[in-house]
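# Please work out how this folds:
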Amino acid sequence: MQIEITVLASVFGVVIAVGTFFFGRVTAAQKSGESAGEFRSDIQYVKRLLEDMLLEQRNTNKTVADHGERLAKVEERTASALKRIDDEISKQRQSVRDKE
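Modelled structure (predicted):
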């Protein structure tokens, strides 16, 4: 009877050890899967942010190009206006000299 209890306890211990081992493997696999899922989710988030940043950069570049074109037009108009002003001043000086 004593030996049967010892054998029964040993078998019970082995069953518990094997069960614990498999439970640990399943738990480790689940945690590994969760980590991989979080990592993929983070990568997707970073990809979306990068796409948004690239789109915003394109819009900014377009705006800068538009402002450059507008600035060039303003500079042309300013040069033209300054030339007309200089011509008018020259005419007025000439008319003052002619009156003297």
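# where's residue 74, which helix or strand?
Per DSSP states H and E: residue 74 is located in helix 2-99.
# so how far is that helix from its chain's centroid?
0 Å (CA atoms, centre = their mean, to the nearest Å).
# Now it: average pLDDT?
The average pLDDT within helix 2-99 is 87.
# Could you measure from residue 86 over to residue 62?
37 Å (CB to CB, to the nearest Å). From N, CA and C alone the C-beta is placed, and that goes for glycine too.
# Also residue 17?
68 Å.
# Please work out which residues outside stretch 54-61 touch it.
Outside stretch 54-61, no residue is within contact range by CB atoms under 8 Å, 6 or more residues apart in numbering.
# got the CA positions of it in CSV?
Extracted in CSV, the C-alpha atoms of stretch 54-61 (Å, rounded to 0.1, in the frame of the first residue of the first chain):
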residue,chain,number,x,y,z
LEU,A,54,4.7,63.2,-46.8
LEU,A,55,1.3,64.5,-48.0
GLU,A,56,1.7,67.6,-45.8
GLN,A,57,5.2,68.2,-47.2
ARG,A,58,3.9,68.0,-50.7
ASN,A,59,1.2,70.6,-49.9
THR,A,60,3.9,72.8,-48.2
ASN,A,61,6.2,72.5,-51.2
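# mind listing what's buried in that stretch?
For stretch 54-61, a neighbour-count test (16 or more other CB atoms under 10 Å) marks nothing as buried.
# Report the buried residues of stretch 38-45.
Buried, per 16+ other CB under 10 Å, within stretch 38-45: nothing.
# which ones are touching residue 89?
So residue 89 contacts nothing (CB under 8 Å, 6+ apart).
# With residue 77 as the reference, measure out to it.
Using CB to CB, we find residue 89 at a distance of 19 Å from residue 77.
# what's the answer for residue 34, then?
Taking CB to CB, one finds residue 34 at 64 Å from residue 77.
# do the same with residue 10
Applying CB to CB to residue 10 and residue 77 gives a distance of 100 Å.
# Equivalent analysis for residue 71, please.
In terms of CB to CB, residue 71 sits 11 Å off from residue 77.
# Ok, residue 7 next?
Distance from residue 7 to residue 77, by CB to CB: 105 Å.
# Then residue 12?
Taken as CB to CB, the span from residue 12 to residue 77 is 97 Å.
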